[in-house]
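Asker: sequence first, predicted coordinates after that:
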Amino acid sequence: MVFGALFSEGRSCKLHLALTIPRSTAAVISRALGEDDVRAIGVSVVGTAAPLDAWAPVDKELISPEELKQALRLEWREGPAQDDWRFAGEVDVPLDQKALKAAGSQAALAFRFVAFSLNHPSKIFAEASAAAHSLDLKWLGEGEFLCAAEFLAPENNVLTSSAFCQVIFGRDACQELRPADLATSNVAGGKDSVLLHLVVIAPRIPASNTKLVACGNVDELGNSELSRAPVLHRKDRKVPRYEATVRVSRAAVTDVQFRFFFVDAENAAHALLKESGEERRLEELYSPALLKASLERTSDGLLQLSYSGVFRYASTWKGAGVAVPVSSLRSDASAGIGEFLDIIDLVEWSSSCGLRLIQLLPIYDTGFDPSPYAACSVFALHPVYMRLTAVADSIGLPAEHDVRKEIMQAQSELNAFASVEYQRTLRWKLRLIELLYQADNNQTLSTPEFHAFFEANKDWLPVYALWKGLRDRTGEWNYKLWPASAKQAKDLAKVENKEYGAKIGLVFFTQYYLHVQMQAASECARRCGVVLKGDLPIGVARFGADTWTHPDLFRMDMSAGCPSMGDWSDAQNWDFPLYNWEEMARKKFAWWKRRMEMMSQYFTACRVDHVLGFFRIWAIPSHNWTGFQGHFDPCNALKLDELKELRAVDNSKAVLERLLQPYVTFREVEAAFGEQANRVVSEVFTARSGGAMLDFRPECDTVEKIGVLYDPSEPELSDSERAFREHARKVLWKLQDNRMALCFEKQYYLTCHMLFTSSFKDLHDDPGDPVNGVINKAKLSDLWHDFYNKRQSWRGPGLVRLSMIQKASSMMICAEDLGSVPDEVYPVLDQLGILGLRIQRWPPGGGNFLRSDQYPYLSVAATSCHDCSTLRAWWEHDDRLSAQKLYSEHLNHDLAPETCTDVASQLVVASNFRSDAMWAIIPIQDLMDMWDELRSPDPRMDAINRPGTVEGCWAYRMKWSLSDLKGKSSFNSFLLNQLQDCGRLDV
C-alpha cells in the first residue's frame, strides 16, 4: 500500500505531538551529543507515511542534517532543568476517508524521534528502533489528534530482543495476541467524549497468568478499582507492546490520572506489579494550555488523544551468566572435547545456580585450525562438536556394532587427556562420522526431516559440501590452485554426482546431525529460561567456502589486523581478507543478514567480535605478514602537499624518500648479525653511495619475500642454518617495517609505530645532514597525532553496519569493545542499545582500573575473557602490584594475599555482580576459583587463548565434568545466594 494515496486535498486532521524525554534518557543523549544544555539540543520526527513522505525512513539510523531539516521539528517546552525534557510540535494531516477504509490494517503511521545537536547537526541520537511509535490512520478524522509519547530509551532495543521476550520474560500466558479494542469509526467520541488510545511497552512480565491494565481516577479507567480497569492487549509477537482504546468524558479529561498494573488474570483486583513513580496526568503529558485549547477548538468536532510510553519498573533488571567455550566442556558422554549436547547439562546447572545466560565462542567449521575465529564457513557447524553416540542411536546402530566399539575406544583414549588434543580428536571424529554415514546407507538423507533441513539451507549447504570435496580431493587449501571454479559449484553440488556424490552426502549427513544436536541444546536453553549467546567473528578464513562462493564480497589482496599504537610488539595480521563493504551494501547486506538469521536459529544473544572493525579496520597488504605496514580502512589519507610541508630543506624529493623508504644502516645490520653481516648485505641489500645506508633489493623488498628467502622450514637444513634463518627473518622484517610513511594505491599514510622507529628517532635539526636533517621532526610528530587521533572518525559507517546487524535478527547484541576504542564508537553503541564489555583491568583508553560501581547499565561486567589470563593467573603471575591496588582501592581491603585465594576471588566476582551493568558474565574458570575444591592446580593452564602465541591456545578443558559440577551442592548454593545478595537473581 502506498501511504501517499491515503491523503487528499481539502480535509485534514491537526496532529499535535508532545514528547517527554525522561531524565535518565536525557543524560544518555547529552553524553552522546556532547551537549549539557537542553537548549542546545533539537528534536525532529522521522516516519514512513504522508505527511511524512519527505522525511527520512523510520528505520534509517544515519540521518543527514539535510533530512532533519525536512522533518517535523519539535520545539522545547521550557521547564526546570532537573525535570524531564519536553518538546512539542504540530502538523496538518490531509485525509481521504475512502482510501483509509480501503487500506484497512495497513493504514498506519510509524514514526521515531531523533535528537540532534544544534551546534553540530551531524551528531544525532535516534530513539530505539525496535519499537517505533505507531498511529492507526483510521483513527484520524476531521478535528484534532493529540499524541503524547515517551522517547524510547536505548535499553528498549535490548529488552525487546528475543533474549528477553522469548527467554527471560517469555511467559506464554501473557503472550496471547488479540486486536486492541480500537475505535471502528472516526466519528466516535464527539461533543460529550474523546477517544483515548493507550499504548505501553512492557517486556517484564511478573507471572505466567497475568493481564496488563490501565487504572485511573475516572469511570472509563476503573475509577481506581483494578477489577474494572480496561485491559490492554498485545498485537505484535515481536514487540511486547500493549494497546487499548477508551472513551473519556470531555468534562473529566483535564483531571485524568492513571498508571499501568499487571494483575492476576483470575483475580483482576489483585495487583502483581504496580508501576513506580507518580501517576501519569494527561494535562502534563500534553501541556495544560494545549489540552484546554484543543478542547475548546473541537467543542463541536472530534478530539482524540493518544499516549505511547514504557512501563515504569521500580528497578532495572540485572542478570548473571557464565562464559565457556563448547570445546572446554567435559562429560562422560563426550569424546576428547565438549560437544553440543553437553550444553544441555550446562544449561541445567546454570539454571539451578541462578545463571540466566551462557556465552559460547564461535561454533563454526574451522577445519584443522583450532582457533574458533578462523571459520572456513560462517554457516556450517563444526564436526568436532558432534556427539557420535547420539548419531549412532539415531540411525539405529546395534549395540554390538564395530563402529560403536570404536566410539567407546575414542572416548576412553581422548577423555584421558587433561586438555583438548584438537588435531587428534578431529581426526578420530571425522573418521568415525564417515563410518556412521556408511553404516546409515543414505537412510537419513531420505527422511522428510532431512529434506526440510536441506530446503532451509540449500543456499549454502551444497556449495560448502562441494568446497570440502574439492579441498579433500586436491589436498590443497588454496582454491586458486584447484581445477574447478566457484562458477561451477551449483552444477556440481548434487548428491548424485558420481565424482563428488559420496563426499557431498557425507557433508549433508554431518551438518544435519550437528544441526539436530545444536537445536536440541538451544530448545533446552529456551525452556529453562537461559539465554544462549553466540559469537560473531570479525573475519573469515582466507581460502574458505565463503570467499570461494562470494569472491566479490571480499578483498583478497588485503588482510585485516590490528595496529601497534605503541612499541613494536603488538601489531597483528590476522590473515582474514577485508570485507568489500561497498559491494555488500549494493547487495543490501544479504550475506550478513543470512548469517545473522542462521545464528538466531540457535542463539538469542550475540557477541560482536572486534566491534571497532565495523567502523574501521586495520588494512594490511597481504604481503606484510607482520601487520605494521597497514592503514585504516576507510581512512582520511594524507595529501602529498602535507608531506612536502614537512621539509627542513628545499628538497621535496629527499623528504618523500626519507619518509617512504625503510631506514637501514650498515651499523644496525652489523650489530644484529655480527660475522654474518656481510652475507646478509650481499643477499638482501644494495648500498647507497657512502655505504652507511642500505636499500632492500627488489627481490627482498617485502616481508613476504624475506620470509620466503629465509624459510626455516625447508628440509635438510642444518641446525645452525635453521637458527640463522629464524633470526634473519625477525631482524629483517623489523628493518623492512622501519619506515615512517607508506604509499599505497597512490594514497599516503603515516605508519602506526612511527614514533618508536629508529627512522623517526634519528631525525634531528641539522639541515646539513642529507639523511636525517631533511625533515622537521616536530612537525612530523604533530602530523602523526593529528592523523591518528583526529582525522579517523568513522561514526557513519559503524552506525549503518551495526544497525543492519541488529535489525537482521531479534537477538540481543553485545560488543567486544576492549582496547583502544575511538570516541565515535560509544555514542553509536549507546544509540543502538548495544551492550559494551567492561573488564576491571582493561579500562578504555588505558589507566589502572575501572570502577565496577560506575559501569553503565548497557554493559556486560566480566572478570576476564578468553583473550587474557584468568583472574587468578593475573593476580599470581602477571601483575602483583596491580592486584594489590585492586584489592585495597576497589575492594576496600588491606594487604592482598600472595595468592588469589577463594575468598579473594569471591570478593572480585561479587564486585562485578554488584555493578550497575545489565549483565555480569563470568568465565567458568573464575567462578570455580571461588571454591577451593574446584580450583585447577595451576591457573596458567586455565587460559583459553594467548594472543601472539600458538602454543597452548584453544586447549583448555574443564577439570570437572558437568555431572560433577551439578553435584557440588555447597558451591551451587553459595553461587545462588551470592547472586541473590547482589541483586542478580531474576524475580
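Answerer: Everything's here; your move. From a predicted model like this one, the values you see are computed outputs, not experimental measurements.
Asker: which stretches of the stretch 501-650 of the chain have low pLDDT?
Answerer: By pLDDT under 70, the low-scoring segments of the stretch 501-650 of the chain are 565-569.
Asker: Three-state assignment for Val420, please.
Answerer: Here Val420 is recorded as coil under DSSP: H, G, I helix; E, B strand; the rest coil.
Asker: settle this for me: it is touching Ser334, isn't it.
Answerer: No: using C-beta atoms under 8 Å, Val420 makes no contact with Ser334, being 10.7 Å away. Any C-beta I mention is one placed from the backbone N, CA and C, and that applies to glycine too.
Asker: which one's more surrounded, the two?
Answerer: Between Val420 and Ser334, counted using other C-beta atoms under 10 Å, Ser334 has the larger neighbour count: 27 against 23.
Asker: please report phi then psi for that one.
Answerer: phi -80, psi 170 (degrees, to the nearest 10).
Asker: what ranges does the stretch 351-500 of the chain have for its helices?
Answerer: Applying DSSP state H, counting those that start in this stretch to the stretch 351-500 of the chain gives helices spanning 388-394, 402-414, 422-440, 448-457, 461-474, 489-492.
Asker: Phe125: which element?
Answerer: For Phe125, the host element (DSSP states H and E) is strand 124-126.
Asker: tell me the strands beside that strand, with direction?
Answerer: Strand pairing for strand 124-126, using DSSP bridges, gives strand 108-117 (antiparallel).
Asker: got the contact list for the partner strand?
Answerer: Residues outside strand 108-117 that contact it (C-beta atoms under 8 Å, 6 or more residues apart in numbering): 3, 19, 21, 29, 33-35, 40-49, 52, 58, 63, 65, 68, 71, 74, 123-127, 129, 132-137, 149, 151-152.
Asker: please apply the same query to stretch 441-449.
Answerer: Stretch 441-449 is contacted by residues 394-395, 450, 495, 505, 508-509, 512-513 when judged by C-beta under 8 Å, 6+ apart.
Asker: identify each buried residue in it, please.
Answerer: Using 16 or more other C-beta atoms under 10 Å as the test for burial, stretch 441-449 gives 444-445.
Asker: what of stretch 606-614?
Answerer: Applying a neighbour-count criterion of 16+ other C-beta under 10 Å, one finds 606-614 buried in stretch 606-614.
Asker: and the furthest pair within those?
Answerer: Greatest spatial distance among the buried residues of stretch 606-614 (C-beta to C-beta): Cys606 and Leu612, at 16.6 Å.
Asker: how is the protein divided into domains?
Answerer: Listed domain ranges for the chain are 1-154, 160-286, 328-549, 620-789 (source: automatic domain parsing).
Asker: quick one, helices of the stretch 1-150 of the chain?
Answerer: Ranges of helices in the stretch 1-150 of the chain, per DSSP H, counting those that start in this stretch, are 23-33, 65-70, 97-103.
Asker: circling back to that earlier point, mark which of the contacts of stretch 441-449 are buried, thanks.
Answerer: Those of those that meet the buried threshold are 394-395, 450, 495, 505, 508-509, 512-513, by 16+ other C-beta under 10 Å.
Asker: among the residues you listed, which one lies nearest to Leu832?
Answerer: If you rank the buried ones among the contacts of stretch 441-449 by distance to Leu832 using C-beta to C-beta, Tyr512 comes first, at 35.4 Å.
Asker: now for whichever strand or helix holds that closest one, which elements pack on it?
Answerer: Assigned by DSSP H and E, Tyr512 belongs to helix 501-527. Counting by 3 or more C-beta pairs under 8 Å, 6 or more residues apart in numbering; DSSP states H and E, the packing neighbours recorded for helix 501-527 are helix 342-353, helix 388-394, helix 422-440, helix 448-457, helix 461-474, strand 531-536.
Asker: Arg658 touches Val774, doesn't it?
Answerer: Yes: counting by C-beta under 8 Å, Arg658 touches Val774, with 5.5 Å between them.
Asker: ok, back up a step: for the helix holding Tyr512, buried residues please.
Answerer: 503-518, 520-522, 524-526.
Asker: got the angle for it vs helix 461-474?
Answerer: In terms of direction (axes from the mean of the first three to the mean of the last three C-alpha atoms, to 10 degrees), helix 501-527 departs from helix 461-474 by 130 degrees.
Asker: not counting its neighbours along the chain, what's nearest Leu755?
Answerer: The shortest distance from Leu755 to any non-neighbouring residue, by C-beta to C-beta, 6 or more residues apart in numbering, is to Trp784 (6.4 Å).
Asker: same for the helix or strand hosting that neighbour, what does it pack against?
Answerer: For Trp784, the host element (DSSP H and E) is helix 777-789. In terms of contacts (3+ C-beta pairs under 8 Å, 6+ apart), helix 777-789 is packed against strand 747-750.
Asker: now the strand it packs on: mean pLDDT?
Answerer: Strand 747-750 shows a mean pLDDT of 96.
Asker: list of residues touching it?
Answerer: Applying C-beta under 8 Å, 6+ apart, the contact partners of strand 747-750 are 631, 635, 637-640, 642-643, 740-742, 783-784, 787-788.
Asker: closest one to Asp932 out of those, please.
Answerer: Tyr788 (47.3 Å).
Asker: give me the neighbour count for that closest one.
Answerer: As a burial measure, Tyr788 scores 19 neighbours (other C-beta under 10 Å).
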